[in-house]
Structure formats: structure tokens, C-alpha cells
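Asks: Need a 3D model of the sequence below.
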Amino acid sequence: AAAARRTPVTGVRARIADHLSTAWREIPAASCQVTCDATDLLAVRAALAQAHPDVPLTPLALVLRCVVVALRDFAQLNASFDADARELVHHDAVHLGMAAQTDRGLLVPVIRDAHERSVLDLADQITQLATAARANKLTPSQMVGGTFSVSNYGAFGVDGGTPLVNHPEPAILGVVR
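Replies: Okay, here's the model as predicted:
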């Protein structure tokens, strides 16, 4: 038989594994895929990037701003389930989780009070949190308390997929190419 090598899963990776296992067991799997024309979104991004060349403005920043606006109309998606109390907790603030791939695995830093931020501020937060995640400098408090998450795997050239909901949030938006 071929030899196998085992690597202990500890620290952040262990917490991620536990968290994703809980999400997989406790949150019903359901997905919906919609194709949309992002031409206008990309045109807005180009205009804003030209007007603010000092801000690293990606399409994700505009998507996050759209999510914040949409959560005003679909507030039930900015909630969490408290299993112990058997209550749905409706959050007034929007704290957006943003999936970031790192050498330690997928981390989800949280942009606090996203509902109070402009698209330019969101762009800055994306850069700061993604940089901190990849440099292994996120604090535990920067990775908890999200009320809704977005996973952007379009940069990998992916045309579809079903992201795993970040427990205890009720939903996640997966953005593809």
C-alpha cells in the first residue's frame, strides 16, 4: 500500500474546519443561479476608478454596495438563527463577510457597518482586509459577527458554483465571472 502523510489540523484551520462542518450539517442546501449582464456595473466601476485613481476599486466593491442596498428590501437575509432560543435575530446593522483565499484556507473577514459605507470606503475595506488575511494579520474579532457574506470566485474564471453559507447567517451570495 502507498504511504500516506498526515498533517495535524490546528489553530485557524481547525476552527475553519469545525465552522464549515457545522454549516454543512445545520444549514439546508439550496441554491439559485442567475446570469446577469454586468456591462453597466463595469461602466460605473470604470468611471469611479478614473475619478478616484488612488482607490483600488474592483467590481466586488460595487457588488457589496448593491448587496447592502438589496438587504434593505430583503431584511430577512440580514438575520441569523439562534438555535438555543429558537429565534430569528434580525440585525439592524449590515456586517458583510467577504471570503478571502489564503494559504491557511478560506477566511471570511467582516466589513463592519457596511450599510454606512460608500462604495469607495468598501473598496478600501476590501483591500485592507484581504491584505491582512493573506499576511496572517487578521484578529479573531475581524472574522466574527458577519450578518451576510459574499464569496467572489469569479477571479478564478469560474462560471458557476454553490458557496457554503457562513453559519449562522441565512444566505451567501456567490459571484462568478
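Asks: Show the pLDDT at E87.
Replies: E87 is assigned a pLDDT of 89 by the prediction.
Asks: distance of it from D40?
Replies: 40 Å (CB to CB, to the nearest Å). In this view, the C-beta of every residue, glycine as well, is placed from N, C-alpha and C.
Asks: same question, R65
Replies: From R65 to D40 the distance is 14 Å (CB to CB).
Asks: So for these two, which residue has more residues nearby?
Replies: R65 (21 against 9; other CB atoms under 10 Å).
Asks: Spatially, what comes nearest to that one if we skip its sequence neighbours?
Replies: V119 (4.4 Å; CB to CB, 6 or more residues apart in numbering).
Asks: Now do the contacts for the one you found.
Replies: 48, 57, 61-62, 64-65 (CB atoms under 8 Å, 6 or more residues apart in numbering).
Asks: Between the residues you listed, which sits nearest R104?
Replies: R104 has its nearest neighbour among the contacts of V119 in L64, at 23.1 Å by CB to CB.
Asks: pretty sure D82 contacts H91?
Replies: No. Look at D82 against H91 with CB atoms under 8 Å: they stay out of range, at 11.7 Å.
Asks: which one of these two has more residues nearby?
Replies: H91 (17 against 11).
Asks: ok, the more buried one to R65 distance?
Replies: Counting by CB to CB - H91 and R65 are separated by 18 Å.
Asks: same question, E26
Replies: In this structure, E26 and R65 are 30 Å apart, going by CB to CB.
Asks: Next, the residue nearest to R65: phi, psi?
Replies: Dihedral pair for V119: phi -60, psi -30, per degrees, to the nearest 10.
Asks: The one 4 residues further on now?
Replies: The phi and psi torsions at A123 (degrees, to the nearest 10) take the values phi -60, psi -40.
Asks: Any figure for the gap between L64 and A114?
Replies: Taking CB to CB, one finds L64 at 7 Å from A114.
Asks: That should have said V63, apologies.
Replies: To A114, V63 is 12 Å away according to CB to CB.
Asks: E169 now?
Replies: Counting by CB to CB, the gap from E169 to A114 is 13 Å.
Asks: And for D159?
Replies: Applying CB to CB to D159 and A114 gives a distance of 27 Å.
Asks: In terms of neighbours, single out the busier of these two.
Replies: A114 (25 against 10).
Asks: In contact with that one, which residues?
Replies: With CB under 8 Å, 6+ apart, A114 has these contacts: 64, 67-68, 94-96, 122, 125.
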